[in-house]
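1. This is a predicted model, with the sequence first.
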Amino acid sequence: MGKSFVRVKRKLAGAKKKLVRWKKELMRLRNAAPPAPATQAGATATPTAAGPASATTTVPGNTASSLNSSPQDEVKLSLRLLHGAPEVILEVAGSQDEVTRKIVEICLPCIGRPKSVQDLNEFLMSNPIVCSARTGYIPDTTAQGRLLSRTIIAVILECHSEHKSWNGALDSDHIRISKPRESKEMFMMILKDGVEFEGEALLRAKVNDLRKAALIFRRLYQASGHSPVYVLELIQALEGATTHSVAQPAFMEFLRYHPAIMASAGRTNFTKAINRDRERILVGLPKPTICPNDWRALVKLEGHMPITVVYRYGPYGSTVGELIRFMRNVLEHGKEHQGEDGNVDYYNEHELELYLANTFHPFLPSIMRTLLALGKMEEPCGRAAWSSYKLFV
């Protein structure tokens with residue numbers, strides 16, 4: 001008992017010495033750093049060759065240093081703070097720059113002490129956001145890419161729900177990604193605070209935020225060299241936001257669960273669920289506008305065997321319901337077939353879903369937005385399909 005007490009006492013003494021050394025080094029770094037230039041509230045963004053915009057920003061009402069000055073020192077400093085005792089962390093961070101204070105304030109109550117903290121550029125260097133299936137090399141978002149996009153949209157919509165906005169001053173430099181010690185999942189945070197708006201000014205500010213998100217996504221995926229399925233439709237939806245649309249809960253729901261930021265399995269699940277009750281869910285909807293004449297013309301022009309083989313087992317009509325039925329049949333029956341050379345080709349469901357997304361790419365986002373706007377997903381016939389789809393977030 002006595003020996004255990006001595007060991008614990010020694011460990012505590014050692015921890016206190018480390019904290020003292022870290023605090024001294026922190027003060028040394030602070031005194032050695034050049035003073036940050038005074039800036040006005042807001043952000044000035046300039047595109048760089050690396051892709052995402054860089055910005056020097058201050059949070060209104062605070063004195064903040066540049067968000068992209070000495071990122072490596074920022075990460076090291078943040079980690080040392082986060083490895084200390086919580087009361088010391090908060091005390092020391094309170095006297096530091098805005099970036100460190102925000103990282104500490106967000107991380108401690110949410111995930112505790114993280115294993116690492118990265119800015120967006122560092123994260124992208126080791127975490128690709130685009131992948132492709134074997135068949136046809138159709139690009140799709142990775143799990144990291146979907147998490148990145150979902151988090152940006154979720155944080156923006158959460159801020160808007162509190163009648164706050166960045167009024168378009170949000171940028172990729174405000175994003176930090178941390179890895180918790182006890183989990184393999186990533187935790188993402190936005191270091192810039194929103195500002196309160198009211199009435200028409202709030203609606204205009206919301207529009208500016210969504211259009212800025214579109215710009216961030218466009219730069220991210222242009223830098224990757226690929227545009228995954230449905231990403232262009234997401235960017236267009238964000239760019240096309242208006243003061244009328246941002247006031248509609250259905251539009252906000254559509255953005256939060258857009259097909260571009262959902263897993264392929266979720267999109268497959270949604271297609272099959274809609275098909276099971278298509279007569280009631282899709283009643284009264286106009287013909288799909290994905291093709292000037294008829295969606296069936298796209299199938300006849302499509303050279304991929306899984307689609308053309310399934311289509312031959314028709315016939316199919318030109319309605320929305322018939323297209324949904326065809327997509328479901330491809331997902332169910334296109335997994336194996338004999339080619340012209342006599343060999344049997346095999347396709348998994350992910351590959352088939354990407355085929356369909358690439359062939360009919362405007363359709364799923366369009367039908368989803370229409371069903372939400374008409375309230376179909378709140379009716380008994382559509383509620384189950386929408387609820388099961390959201391599980392794949």
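-> In hand now; what should we look at? This is a predicted model, so every value here is computed, not measured. Numbers count the residues shown, from 1 in each chain.
2. now what about the helix or strand where Phe270 lies, what contacts it?
-> Taking DSSP states H and E as the criterion, the element that holds Phe270 is helix 264-276. Defining contact as C-beta atoms under 8 Å, 6 or more residues apart in numbering, one finds that helix 264-276 is touched by 140, 259, 281-282, 324-325, 327-328, 331, 349-350, 353-354, 356-357, 364, 367-368, 382, 384-386, 388-389, 391-393. Backbone N, C-alpha and C define where each C-beta goes, glycine included.
3. Return the members of those classed as buried.
-> 140, 259, 281-282, 324-325, 327-328, 331, 350, 353-354, 356-357, 364, 367-368, 382, 385-386, 389, 392 (16 or more other C-beta atoms under 10 Å).
4. For the helix or strand following the helix holding Phe270, give me every contacting residue.
-> The helix or strand immediately downstream of helix 264-276 is helix 278-281, counting by DSSP H and E. Contacts of helix 278-281 from elsewhere in the structure, counted by C-beta under 8 Å, 6+ apart, are Ile274, Gly321, Ile324, Arg325, Leu371, Lys376, Glu379, Cys381, Gly382, Ala385.
5. Show me which of those is closest to Ala205.
-> Leu371 (28.4 Å; C-beta to C-beta).
6. Excluding covalently adjacent residues, which one is nearest to the closest one?
-> Met377 (5.5 Å; C-beta to C-beta, 6 or more residues apart in numbering).
7. Wait, the one you found touches Arg369, no?
-> No - counting by C-beta atoms under 8 Å, Met377 sits too far from Arg369 to count as a contact (10.6 Å).
8. what's the neighbour count on the nearest residue to Ala384 once chain neighbours are set aside?
-> Taking C-beta to C-beta, 6+ apart as the measure, Ala384 lies nearest to Ala273, with 6.7 Å between them; neighbours along the chain are not counted. If you count neighbours by other C-beta atoms under 10 Å, Ala273 ends up with 19.
9. What of the one 4 residues further on?
-> The number of residues packed near Asp277 is 14, by other C-beta under 10 Å.
10. now the strands for the protein?
-> Here the chain has its strands, by DSSP state E, at 42-46, 54-58, 114-119, 130-132, 139-141, 164-165, 175-180, 187-190, 195-196, 336-338, 344-346.
11. what is the mean pLDDT for the third one?
-> In this case it means strand 114-119. Per-region confidence: strand 114-119 scores 75 on mean pLDDT.
12. again with stretch 384-393
-> In the prediction, stretch 384-393 has an average pLDDT of 89.
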